[in-house]
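1. one predicted model, sequence on top.
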Amino acid sequence: MEKFNSDGTPQNEGGKNRKKRKFPVWILLILVVAAGLSSVVVTYDNQYKLIRQFGKVQRVITTSGLSFKIPVLESVDTIPKEILIYDLPASDVITSDKKTMIVDSYVIWRVTDPLKFAQTLSYSVANAENRIDTIVYNATKNTISNMTQDEVIRSRDGKMTVTVESDESVSSNDIEIEKTEVVQIKSLTEEIMDHIGTVYEQYGIEIQTVEVKKLDLPDDNKQAVYNRMISERENIAAQYTAEGESQARMIKNTTDKEVSIMKSEAAAQAEELKAQGEAEYMRILSNAYADENKSDFYNFVRSLDAAKQSMTGSDKTLILPADSPIARIFTGNNP
């Protein structure tokens, strides 16, 4: 006799004849797609990808593109590949002459060995910046502690001007002047980088440069240092001004001397040319009067010139002999 449940449905004996329910296919598809997607690793140009299995790095992906991992068993960590900038906090350092200076700088760095970076710094950029902070501070302190305050300030731009005396003379007047040489010295950044060395390589990173944004003085001695620097600059400027004025006077005196010599030579040449002209004039006259055919004509021309000079002005009377060549011209009694 078949037994029925309270709801009227047949009751199977011992559960042996229960219906077997089918597992939904769509759930299976979702699980397959999720597993497939979780196995895909996308790497961009500015990234390193580290594939780990049970906490151990299995492989490092350094090029951009798609790669795959084993779902669930393997995990992925990302490490930056681009150049990074870390702004260091301002710090106080002591110079060799026991002066305090405030250094504000920043660091340009990047990850070069992602595996070593992960092993020593636990995949953390913050941990790397803490190491960089310590390395750069120690290098900055060691650099500035070997320099005076003035040397630190002058080395900020990396150039110093040194003036040396020259034994050479300028121009043809033996005027001795000073020759200025520009001596290239290491900048503060280069000195700091030398002290850093390659200690950062143990962390799989590279410190490309340390740039000093600002060198400042504590407020309690800032004004005193400024006043001393202004006084030194004024003394240097006064020295350069005096040297320039001295050289200007020497050049002016030399130029005046040359001009005077040139004027004297020009005057002598003018007198010589004048004398030569007068001599030529006298020679021409002498030749003219020596020729009887020409002497009468030149006498007549000179008489006309003399008459012209005497008649200059108003109310002039010219008295000529009757036998004068000029009078004969006016009277028409030409022979």
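-> Structure received.
2. tell me where this protein has helices.
-> Taking DSSP state H as the criterion, the chain carries its helices at 25-38, 114-121, 125-145, 149-154, 188-196, 219-290, 292-310, 325-331.
3. show the end-to-end separation of stretch 109-127, please.
-> The first and final residues of stretch 109-127 sit 14 Å from each other (Cα to Cα, to the nearest Å).
4. give me the buried positions along it.
-> 109, 111, 113-114, 117-118, 121, 123, 125 (16 or more other Cβ atoms under 10 Å). C-beta coordinates here come from the backbone N, C-alpha and C atoms, glycine included.
5. same list (the helices of the chain) but as CSV, adding mean pLDDT and distance to I207.
-> Output for the helices of the chain, formatted as CSV (pLDDT from 0 to 100; distance: least, Cβ to Cβ, whole Å):
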stretch, mean pLDDT, distance to I207
helix 25-38, 64, 37
helix 114-121, 93, 13
helix 125-145, 94, 7
helix 149-154, 80, 21
helix 188-196, 90, 6
helix 219-290, 85, 30
helix 292-310, 71, 102
helix 325-331, 67, 113
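6. relative to L66, which of those helices is closest?
-> With Cβ to Cβ, the closest approach to L66 among the helices of the chain belongs to helix 25-38: 11.8 Å.
7. how is this structure divided into domains?
-> When the chain is parsed with automatic domain parsing, its domains come out as 23-80, 84-216, 220-290, 292-335.
8. list the contacts of the spatially closest residue to T120 that is not a sequence neighbour.
-> Spatial nearest neighbour of T120, excluding adjacent residues (Cβ to Cβ, 6 or more residues apart in numbering): Y203 at 5.0 Å. Contact partners of Y203, counting by Cβ atoms under 8 Å, 6 or more residues apart in numbering, are 116-117, 120-121, 128, 131.
9. and which of those is nearest to K252?
-> R131 (65.2 Å).
10. how about the closest one: what's its closest non-neighbour residue?
-> Counting by Cβ to Cβ, 6+ apart, the residue nearest R131 is Y203, at 5.7 Å.
11. and the one you found, what pLDDT?
-> For Y203, the pLDDT comes out at 94.
12. how about K81, phi and psi?
-> Backbone torsions of K81, given as degrees, to the nearest 10, read phi -110, psi -20.
13. correction: the previous question concerned G197.
-> Torsion angles, degrees, to the nearest 10, at G197: phi 70, psi -130.
14. which residues touch the spatially closest residue to E191 that is not a sequence neighbour?
-> Spatial nearest neighbour of E191, chain neighbours left out: T143 (4.6 Å); criterion: Cβ to Cβ, 6+ apart. For T143, the contacting residues are 188, 191-192, 194-195, by Cβ under 8 Å, 6+ apart.
15. the same query, at a cut-off of 7 Å, please.
-> By Cβ atoms under 7 Å, 6 or more residues apart in numbering, T143 lies in contact with 191-192, 195.
16. against S96, how distant is it?
-> T143 sits 11 Å away from S96, going by Cβ to Cβ, to the nearest Å.
17. repeat that for L217.
-> The spacing between L217 and S96, counted by Cβ to Cβ, is 16 Å.
18. compare the two (neighbour count), which wins?
-> For L217 versus S96, neighbours defined as other Cβ atoms under 10 Å are more numerous around L217 (17 against 13).
19. what about D323, neighbour count?
-> 9.
20. returning to that earlier point: most neighbours of all the contacts of T143, which one?
-> Highest neighbour count within those, by other Cβ under 10 Å: I192, with 24 neighbours.
21. doesn't V210 make contact with that residue?
-> Yes. Shown here, I192 and V210 form a contact pair, counting by Cβ atoms under 7 Å, at 5.0 Å.
22. need the contact list for L50.
-> For L50, the contacting residues are 57, 60, 77, 79, 114, 118, by Cβ under 7 Å, 6+ apart.
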